[in-house]
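Q: The amino acid sequence is not available; the structure is as follows:
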């Protein structure tokens, strides 16, 4: 092959990849979708509904997107299914993957992760399933209880698989095998960490790769932990527990050295600074009056935005990233889940079923537009997704696609 022609092919492949990124949990776990030029306000009745699908049955997981296909899970009876759609909403496949969580707030939890031709699903009963993306055959399966001596938790495991190079990370919660790294191709054990011996805590872990020692940061039932990604060695830990043992939010990293962790209930929030190349930490600030049950946090500029609780009620919050000072709090609309686009617009999906467009500014809660999500069932807990100018909203049984560009 001539060098010039090869270069053209490589550039074309890179361009296609850039236009069609793989979307995992909260995009890349930040909750920020880099798309720009989206609508700055919506019609009174909301943006155009391009299509919808009703039939996912029970579940709270978000959508993953890869190669212009949409992946989402749901539960019928006690069985979990993977649904695959094209971008026009056509159901391409429905594939059973095994039992799901049916003890309380029934349904699927963790968002699938797509990587190198394989689909990884972590079910609420603790099964980690690896499927071939083309055939949908199960390649391997592990269970945190039977294979690693772990223990499930009150409302079922809620974890979106984290993949680092050849490793898929599983938060087991056992005394011996607390957090493990499995070979993503065959499920064999690469390393096992005793961590602090905590149970898992509804949190999907975060990978930080630009420190001298690349590390995994996550919250367990009673501790925040930092593990060396290559070996599982416990680098540092910090007590961080609530009476209910719920630390549900993926940590937020500023790309330099600061990591924000927010508890769902009594414990509040803490900002940590990574020191010594990621091998240790120091506290920057702590605020027990900032909490978010499961709505996620986004960092826009020098501020963090989230919906949560404080001593006086439930509010949307804007918090100074560097000091922990609350810039404003607002309860004009109910709290819930938040993501953001590339133009600093927040998409606030409330537990009462409203989708709101809010300008991210430290001056005030700048509500621009809102509309009700009328399709679907049960709780409004799934995190929305933005992809190619379309806003995807999952509400229990229903998946909706709104044109926002």
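A: Good, I have the coordinates. What you see is a predicted model; the values in this text were computed from it and never measured.

Q: Now the element after the least confident helix or strand in the chain by mean pLDDT, going C-ward?
A: Least confident helix or strand, the chain: helix 3-19 with a mean of 44, by mean pLDDT, DSSP states H and E. Sequence order places helix 26-29 as the next helix or strand after helix 3-19, per DSSP states H and E.

Q: For that next one, which outside residues touch it?
A: The contact list for helix 26-29, computed with C-beta atoms under 8 Å, 6 or more residues apart in numbering, reads 33, 62, 204, 206, 207, 250, 296, 339, 383, 385, 386. To be clear about C-beta, it is placed using only N, CA and C from the backbone, and glycine gets the same treatment.

Q: Flag whichever of the residues you listed scores worst on pLDDT.
A: The member of the contacts of helix 26-29 with the lowest pLDDT is residue 296, at 89.

Q: Show the contacting residues for that one.
A: Taking C-beta under 8 Å, 6+ apart, one finds 26, 31, 249, 250, 306, 337, 338, 339, 383 in contact with residue 296.

Q: out of the residues you listed, who's nearest residue 353?
A: For these, the minimum distance to residue 353 (C-beta to C-beta) is 11.6 Å, reached by residue 337.

Q: right, and the helix or strand after the one helix or strand that closest one maps to?
A: Assessed by DSSP H and E, residue 337 sits inside strand 336-340. Proceeding C-terminally, strand 336-340 gives way to strand 345-350 as the next helix or strand, assigned by DSSP H and E.

Q: pLDDT on the first helix or strand past that following strand going along the chain, on average?
A: Proceeding N to C from strand 345-350, the next assigned helix or strand is strand 354-359, under DSSP H and E. Averaging pLDDT along strand 354-359 gives 98.

Q: List the neighbouring strands of strand 354-359 plus their orientation.
A: strand 345-350 (antiparallel), strand 366-372 (antiparallel) (DSSP bridges).

Q: Please identify the most buried of the ones you listed.
A: Across the strands paired with strand 354-359, averaging neighbours per residue (mean count of other C-beta atoms under 10 Å) puts strand 345-350 on top, at a mean of 24.

Q: Show residues contacting that one.
A: So strand 345-350 is in contact with 38, 40, 298, 300, 305, 307, 316, 333-341, 355-360, 368, 373, 380, 383-384, 386, 391, 393, going by C-beta under 8 Å, 6+ apart.

Q: quick one, strands of the stretch 201-350 of the chain?
A: Ranges of strands in the stretch 201-350 of the chain, per DSSP state E, counting those that start in this stretch, are 206-208, 215-219, 223-228, 234-239, 252-253, 258-262, 269-275, 280-287, 297-300, 303-310, 313-320, 326-330, 336-340, 345-350.

Q: Residue 81 - how many residues pack around it?
A: Neighbourhood size, residue 81 [other C-beta atoms under 10 Å]: 21.

Q: Show me what it bridges to in the sheet.
A: Counting by DSSP bridges, residue 81 is bridged to residue 74, residue 96.

Q: you'd agree it is up against residue 93?
A: No: the criterion here is C-beta atoms under 8 Å, and residue 81 misses it with residue 93 at 9.6 Å.

Q: shared neighbours of these two, anything?
A: With C-beta under 8 Å, 6+ apart, residue 81 and residue 93 have no common neighbours.

Q: Check what contacts the strand holding residue 337 and list those residues.
A: Strand 336-340 has contacts (C-beta under 8 Å, 6+ apart) with 26-27, 31-33, 294-298, 300, 305-307, 316, 346-352, 360, 380-386.

Q: what angle do it and strand 303-310 make?
A: Per axes from the mean of the first three to the mean of the last three C-alpha atoms, to 10 degrees, the angle that strand 336-340 makes with strand 303-310 is 180 degrees.

Q: So what's the gap between strand 336-340 and the chain middle?
A: Distance of strand 336-340 from its chain centroid, counting by C-alpha atoms, centre = their mean, to the nearest Å, is 11 Å.
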